[in-house]
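Visitor: Build me a model:
(2 chains)
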There are 2 protein chains.
Amino acid sequence: MDSKQHIINKSEEAKDIFLPHLSADAVIFGFDQNELKVLLLKMNYRKQWLLPGGYVRKDEDLDEAIVRILKDRVGVTGVYLQDFGVFGKKNRSELYFQDFDETLFHKQRFVSVGYYALYNPDKVSLIPDEFSETCEWIYLSKLPEIELAMDHREIIEKALLTLRETISHKPIGYNLLPEKFTLSELQKLYEIILGKELNRGNFYRKMKNLGILTKLDERRKGGAHKAPDLYSFDEKNYLQALENGLNNW
Amino acid sequence: MDSKQHIINKSEEAKDIFLPHLSADAVIFGFDQNELKVLLLKMNYRKQWLLPGGYVRKDEDLDEAIVRILKDRVGVTGVYLQDFGVFGKKNRSELYFQDFDETLFHKQRFVSVGYYALYNPDKVSLIPDEFSETCEWIYLSKLPEIELAMDHREIIEKALLTLRETISHKPIGYNLLPEKFTLSELQKLYEIILGKELNRGNFYRKMKNLGILTKLDERRKGGAHKAPDLYSFDEKNYLQALENGLNNW
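Guide: The predicted model follows:
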């Protein structure tokens, strides 16, 4: 069966199961090699890259829908999820299914709820779905080079801005870093999200003064330099500090 | 015509005009008497209070819908608007129209997009719509005493949390205060949004160091104490400072 016929068959089933006009898309962030990356799919039908997304069942809450969508599309479970925006331009997806007629479920106008997900490498493993040609991590620095479908580039940019604006209030470091990390890795993550360099001494002092880090009796081995100390988050203190904001007024 | 029949008549018209299953609700914040307040409606049909909300036309963007809804329902135009969350529990509104049958447009499941609006007393005037019994500003301190419909209390709480978490990045002070204000009024606004008292000396120093305030050649008259200096925001510097965050890392 070709991929176009497959979509048409899915369309009839979709009309019974899902709410019309409403979709959800996830920007799944990961962090490694001192860079942020996002998880993208490429469908068989078109060669553009897509965020993992889907529709909302008539019998489920919106929060349940996004959890199911992540599991079904990319096998991601147990991640921190937060909605960050709604994308509702009336013509935002009109060109994507232009080869199909108007009866196609997928072709109607969709208002999409954007969620960001923080992928903690200790906790999850990827299992891409069977409908996509490929599922890959793309580093943010490579995004300008690829073609993204519909308004998905705008959705990623809004997600990144949301991380920047809420890094003092949401457990972003906790969910993007492995359980054990160096202060240098923590600083690099903050610098990437904030989009600027930070003074090392100030950053270390501030982080230590917050009382949210536990220094471990271990060091990171294998680097060219002196093996740096490893830290983990003190979860209780961290969550408490986030309520006030790490950057206190 | 009684209010129930009026809703039934509106329902048939609504099916032609609006997208099903999607609504938008606005939490309109105002600031006076050193308190935050929200604008609420009470319909004829039921005695609970409601956020001003409505549906999305098939031929308009979501962003256009919320502007139209605010104008139609409460006569509010030209305010700062920001979406902050989506409310999608499957049973969130099932009891509200329980006296009607299932064909009523208003009775279907709605996923609602929450917007907050910042009401600047210099810029706008209220014109409540004709369908509501009353439209009133309710101070946050009085909210526990009133009955709110559906999940509208949860929507207000999430809006307030969003103000708290993004006060360093969004022009919240600028849009809630009158053009000319005292440092004491600015501090009070921050204290209410942040939910805690701030040290006066630190707050004044920090605000002045940001370079976002212009000291005016005027004073606030009429108080019991020495007339305090008036300030206004330097819009250009303020917007620039918000990009970095007023609370710099």
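
Visitor: Can you point out the buried residues in the longest strand seen in chain A?
Guide: Determined from DSSP state E, the single longest strand within chain A is strand A:18-32. If you call a residue buried by 16 or more other C-beta atoms under 10 Å in any protein chain shown, then strand A:18-32 has these buried ones: A:18-31. Placement of C-beta: from N, CA and C, glycine included.

Visitor: what's the helix or strand just after it in contact with?
Guide: Counting by DSSP states H and E, the next helix or strand C-terminal to strand A:18-32 is strand A:35-43. Here strand A:35-43 makes contact (C-beta atoms under 8 Å, 6 or more residues apart in numbering or on different chains) with A:3, A:27-31, A:48-52, A:73-74, A:76, A:119, A:126, A:128-129, A:131-141, A:143, A:146, A:148, A:156, A:160, A:189, A:192-193.

Visitor: Over to stretch A:185-194?
Guide: By C-beta under 8 Å, 6+ apart, stretch A:185-194 touches A:31, A:34-36, A:140, A:160, A:163-164, A:167, A:172-173, A:176-177, A:197-198, A:200, A:203-204, A:207, A:231, B:245, B:249.

Visitor: And the worst-scoring helix or strand of chain A on mean pLDDT, what does it pack against?
Guide: Lowest on mean pLDDT, DSSP states H and E among the helices and strands of chain A sits strand A:132-139, with a mean of 85. The contact analysis (3 or more C-beta pairs under 8 Å, 6 or more residues apart in numbering or on different chains; DSSP states H and E) places strand A:132-139 against strand A:35-43.

Visitor: tell me the angle the strand it packs on makes with strand A:18-32.
Guide: Compare the direction of strand A:35-43 with that of strand A:18-32 by axes from the mean of the first three to the mean of the last three C-alpha atoms, to 10 degrees and you get 140 degrees.

Visitor: Parallel or antiparallel, list what pairs with strand A:35-43.
Guide: strand A:18-32 (antiparallel), strand A:49-50 (antiparallel), strand A:132-139 (antiparallel) (DSSP bridges).

Visitor: Tabulate these (CSV), appending distance to B:Glu102.
Guide: Output for these, formatted as CSV (distance: least, C-beta to C-beta, whole Å):
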stretch, distance to B:Glu102
strand A:18-32, 16
strand A:49-50, 36
strand A:132-139, 38
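
Visitor: Please check the contacts of strand A:35-43 and keep the buried ones.
Guide: Neighbour counting by 16+ other C-beta under 10 Å classes A:27-31, A:48-52, A:73-74, A:76, A:119, A:128, A:132, A:135, A:137-138, A:143, A:148, A:156, A:160, A:189, A:192-193 among these as buried.

Visitor: surely A:Ile212 meets A:Asn237?
Guide: Yes - with contact defined as C-beta atoms under 8 Å, A:Ile212 reaches A:Asn237; the gap is 4.9 Å.

Visitor: Same drill for the two, tell me which one is more crowded.
Guide: Using other C-beta atoms under 10 Å in any protein chain shown as the criterion, A:Ile212 and A:Asn237 rank with A:Ile212 on top: 21 against 14.

Visitor: which stretches of chain A form helices?
Guide: Per DSSP state H, chain A carries helices over the ranges A:3-17, A:62-74, A:152-166, A:172-176, A:183-194, A:200-209, A:235-244.

Visitor: and those helices, which is most packed in?
Guide: helix A:172-176 (a mean of 21; mean count of other C-beta atoms under 10 Å in any protein chain shown).

Visitor: Next, the angle from the least confident helix or strand of chain A to helix A:3-17.
Guide: Counting by the same axes, to 10 degrees, strand A:132-139 points 90 degrees away from the direction of helix A:3-17.

Visitor: Up against chain B, what does chain A have?
Guide: Within reach of chain B by C-beta under 8 Å from any C-beta of the partner chain, chain A has these residues: A:19-22, A:56, A:58-63, A:65, A:83, A:85-90, A:109, A:111, A:113, A:164-166, A:168-170, A:190, A:194, A:196, A:198, A:203, A:206, A:244-245, A:247-249.

Visitor: at 7 Å what do you get?
Guide: Contact residues, chain A versus chain B (C-beta under 7 Å from any C-beta of the partner chain): A:19-22, A:59-63, A:83, A:85-86, A:88-90, A:111, A:113, A:165-166, A:169, A:190, A:194, A:198, A:247, A:249.

Visitor: any idea how far chain B is from A:Arg240?
Guide: Check again: residue A:240 is Gln, not Arg. For A:Gln240, the distance to chain B equals 14 Å [C-beta to the nearest C-beta, to the nearest Å].

Visitor: how much space is there between the nearest residue to A:Leu118 once chain neighbours are set aside and A:Lys10?
Guide: Nearest residue to A:Leu118, sequence neighbours excluded (C-beta to C-beta, 6 or more residues apart in numbering or on different chains): A:Asn175, at 3.6 Å. For A:Asn175, the distance to A:Lys10 (C-beta to C-beta, to the nearest Å) stands at 33 Å.

Visitor: So which of the buried residues of strand A:18-32 is the closest to A:Gln98?
Guide: The nearest member of the buried residues of strand A:18-32 to A:Gln98, counting by C-beta to C-beta, is A:Ser23 at 17.7 Å.

Visitor: From what I see, that closest one and A:Tyr115 are in contact.
Guide: No - with contact defined as C-beta atoms under 7 Å, A:Ser23 does not count as touching A:Tyr115 (11.2 Å).

Visitor: Verify the contact between A:Pro20 and A:His106 for me.
Guide: No - using C-beta under 7 Å, A:Pro20 makes no contact with A:His106, being 10.9 Å away.

Visitor: So which residue is dead centre in chain A?
Guide: A:Ile28 (1.8 Å; C-alpha atoms, centre = their mean).

Visitor: Mind listing the residues bridging to it?
Guide: Going by DSSP bridges, A:Ile28 forms beta bridges with A:Ala117.

Visitor: That one touches A:Tyr119, doesn't it?
Guide: Yes - between A:Ile28 and A:Tyr119 a contact is recorded at 5.4 Å, counting by C-beta under 7 Å.

Visitor: which residues do those two both contact?
Guide: Residues within reach of A:Ile28 and of A:Tyr119 at once, by C-beta atoms under 7 Å, 6 or more residues apart in numbering or on different chains, are A:Val76.

Visitor: give me the low-pLDDT residue ranges for chain A?
Guide: Residues of chain A meeting the criterion pLDDT under 70: A:1, A:45, A:124, A:130-131, A:223-224.

Visitor: domain parsing for it?
Guide: According to automatic domain parsing, chain A comprises the domains A:3-166, A:172-244.

Visitor: Looking at those domains, which is nearest to B:His225?
Guide: domain A:172-244 (30.9 Å).

Visitor: okay, how far is it across that closest one, tip to tip?
Guide: Start-to-end span of domain A:172-244 (C-alpha to C-alpha, to the nearest Å) is 15 Å.

Visitor: swap in stretch A:88-97?
Guide: Using C-alpha to C-alpha, the two ends of stretch A:88-97 sit 17 Å apart.

Visitor: Just the buried positions in that stretch, please.
Guide: A:Gly88, A:Lys89, A:Lys90, A:Arg92, A:Ser93, A:Tyr96, A:Phe97.

Visitor: Good, wrapping up.
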